[in-house]
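K.L.:
the amino acid sequence is not available; the structure is as follows:
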């Protein structure tokens, strides 16, 4: 936390948590927001040792990314907490929530503590871990949820694996409910999707690629909703990707069930046709869907059925991606493209800028019980300063992640982060940035 006093002037302040969207300024002291409002727009004070002229650009809470895969511990060649934090800072993300499918798997309190200590020592942004829901992610025996929560786990998930045994999942949900713990599920029937690399349909058939129907996702969505009804547990679908799943979640919400859901940025911007001629950087989990399903995901964000937008950042080494499509690894990096992909919904007129930012800041903070995600007196000075209209072209060579497996190479976007602050400390300044 920085003890500096920083004055932000000439900003467009957007805070979805308080429904704020005004021209104004913001004052930071001792790592927290000391004051905010229109009267600080161009106010000057001799006691301000540092003044940031925002030049009319957006000053918003730092983004909170609820689904980030890293390689540390165990596969540091793919991504470390330090390199992931650099990519996050460059994308305006001030909190990354990391998945437990590392080596070793984060299924014991000592390993949760390791992530916290390692992040404190090396990361530029906040790093908070989700712990495994079942031991070794095997889907057979649940973990010690209470002890893991005490160690600092914010939620429980088997990452990109589905707990196939319904009885095990019911027991885990009942146990989690007793602690008020959040369970995050991956919706993909492991038998229907076994060996599949694409979404079943004409295009996959033409390419000759093994495929699975979207029902593989929706079946699990509907099953897990029924289990939430039985147990009353708080439940979040880490990603949904098709209209049938969206409709099931919408119905569950109408019935008052404690269910939320997210969508990945690449499922908002890409469809199955983007696979083109076997482009393995487009191979993600769940697989890219039809254009109708992609449009449904945008609709879900616009109408609020989908609560959060995530990067689903999943770095892969070149040798695991430069393979025949069926043999290539799943995953795409996305921390630095999360914001511009989400902003496309605003630029297309589908939602206000404040609404889009809510899915990236206030809502994930509320779901996870985190202190950030808002601009308010006393709140952490985790901030993103960005120009929502700045055009740029994605160049993999400019990414800060150790991996370069972006599905957006050469794609044109609007919206670029200028500066990122964590606890009042500048952790990214594009004007001074030098590529690693």
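P.N.:
Yep, it's here. Nothing here was measured: the structure is a model prediction, and the numbers come from that model.

K.L.:
can you confirm residue 147 is in a helix?
P.N.:
Yes: judged by DSSP: H, G, I helix; E, B strand; the rest coil, residue 147 forms part of a helix.

K.L.:
residues in contact with it?
P.N.:
residue 109 (Cβ atoms under 8 Å, 6 or more residues apart in numbering). Where you see a C-beta, it was placed from the backbone N, CA and C, and this is true even at glycine.

K.L.:
which stretches of the stretch 201-350 of the chain form helices?
P.N.:
202-207, 215-231, 243-254, 265-269, 291-303, 318-321, 338-347 (DSSP state H, counting those that start in this stretch).

K.L.:
host element of the closest residue to residue 157 other than its chain neighbours?
P.N.:
Take residue 157 and drop its neighbours on the chain: the residue closest to it by Cβ to Cβ, 6 or more residues apart in numbering is residue 184, 3.8 Å away. In the assignment (DSSP states H and E), residue 184 maps to strand 182-185.

K.L.:
same thing with residue 22?
P.N.:
Using DSSP H and E, residue 22 falls in strand 20-29.

K.L.:
go through the helices of the stretch 201-350 of the chain and find the least confident stretch.
P.N.:
Ranked by mean pLDDT, these bottom out at helix 318-321, with a mean of 93.

K.L.:
mind listing what's buried in it?
P.N.:
320, 321 (16 or more other Cβ atoms under 10 Å).

K.L.:
packing partners for it?
P.N.:
Helix 318-321 is packed against no helix or strand, with contacts defined by 3 or more Cβ pairs under 8 Å, 6 or more residues apart in numbering; DSSP states H and E.

K.L.:
how far is it from where the chain is centred?
P.N.:
Taking Cα atoms, centre = their mean, to the nearest Å, one finds the center of helix 318-321 at 23 Å from the center of the full chain.

K.L.:
what mean pLDDT does stretch 383-390 get?
P.N.:
Mean predicted confidence for stretch 383-390 is 98.

K.L.:
list the buried residues in that stretch.
P.N.:
Quick answer for stretch 383-390 (16+ other Cβ under 10 Å): 383, 384, 385, 386, 387, 388.

K.L.:
residues in contact with the next helix or strand after the strand holding residue 184?
P.N.:
Remark: after strand 182-185, the chain's next helix or strand is strand 198-199, criterion DSSP H and E. Here strand 198-199 makes contact (Cβ under 8 Å, 6+ apart) with 204, 207, 209-214, 272, 275, 286-290.

K.L.:
coming back round to it: from the buried residues of stretch 383-390, which land in strands?
P.N.:
Assigned to strands by DSSP state E, the following of these qualify: 383, 384, 385, 386, 387, 388.

K.L.:
with distance to residue 151 as extra columns, can I get those residues in a markdown table?
P.N.:
Below are these laid out as a markdown table (distance: Cβ to Cβ, whole Å):
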| residue | distance to residue 151 |
| --- | --- |
| 383 | 29 |
| 384 | 29 |
| 385 | 34 |
| 386 | 34 |
| 387 | 40 |
| 388 | 38 |
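
K.L.:
ok, and the closest non-adjacent residue to residue 77?
P.N.:
Nearest to residue 77 is residue 317, by Cβ to Cβ, 6+ apart, at 6.1 Å.

K.L.:
wait, isn't that neighbour in contact with residue 333?
P.N.:
No: contact between residue 317 and residue 333 fails when scored by Cβ atoms under 8 Å: they sit 11.6 Å apart.

K.L.:
looking at the two, which has the bigger crowd around it?
P.N.:
residue 333 (29 against 17; other Cβ atoms under 10 Å).

K.L.:
settle this for me: the more buried one is touching residue 321, isn't it.
P.N.:
No: with contact defined as Cβ under 8 Å, residue 333 does not count as touching residue 321 (10.7 Å).

K.L.:
overlap in contacts of these two?
P.N.:
residue 405.

K.L.:
flag the shaky bits of this protein, pLDDT-wise.
P.N.:
Along the chain, segments meeting pLDDT under 70 span 1-3, 43-48, 435-436.

K.L.:
who's in contact with the closest residue to residue 196 other than its chain neighbours?
P.N.:
Nearest non-adjacent residue to residue 196, counting by Cβ to Cβ, 6+ apart: residue 212, 3.6 Å away. Residues counted as contacts of residue 212 (Cβ under 8 Å, 6+ apart) are 192, 193, 194, 196, 198, 199, 200, 287.

K.L.:
who's residue 212 bridged to?
P.N.:
Note on residue 212: beta-bridge partners by DSSP bridges are residue 199.

K.L.:
if we ignore the residues flanking it in sequence, what's nearest residue 67?
P.N.:
In this structure, residue 67 finds its nearest non-sequential neighbour in residue 310, 3.9 Å apart by Cβ to Cβ, 6+ apart.

K.L.:
across the sheet, point out what pairs with that neighbour.
P.N.:
residue 264.

K.L.:
residue 428 now?
P.N.:
Counting by DSSP bridges, residue 428 is bridged to residue 420.

K.L.:
residue 397 versus that one, what's the distance?
P.N.:
To residue 397, residue 428 is 18 Å away according to Cβ to Cβ, to the nearest Å.

K.L.:
same deal with residue 387?
P.N.:
22 Å.

K.L.:
secondary structure element for residue 377, which one?
P.N.:
Short version: residue 377 belongs to no helix or strand, going by DSSP H and E.

K.L.:
next up, phi/psi of it, please.
P.N.:
phi -60, psi 130 (degrees, to the nearest 10).

K.L.:
so what's the closest residue to it other than its chain neighbours up against?
P.N.:
Leaving aside its chain neighbours, residue 377 sits nearest to residue 33 (5.8 Å; criterion: Cβ to Cβ, 6+ apart). With contact set as Cβ under 8 Å, 6+ apart, residue 33 has these partners: 26, 27, 375, 376, 377, 378, 379, 380, 381.

K.L.:
give me that answer again for 7 Å
P.N.:
By Cβ atoms under 7 Å, 6 or more residues apart in numbering, the contact list for residue 33 reads 26, 375, 376, 377, 378, 379, 381.

K.L.:
among the residues you listed, which ones are buried?
P.N.:
26, 375, 379, 381.

K.L.:
quick check: closest non-adjacent residue to the second one.
P.N.:
Going back to what we said before, that points to residue 375. Residue 375's closest residue in space is residue 15 (Cβ to Cβ, 6+ apart), at 3.8 Å.
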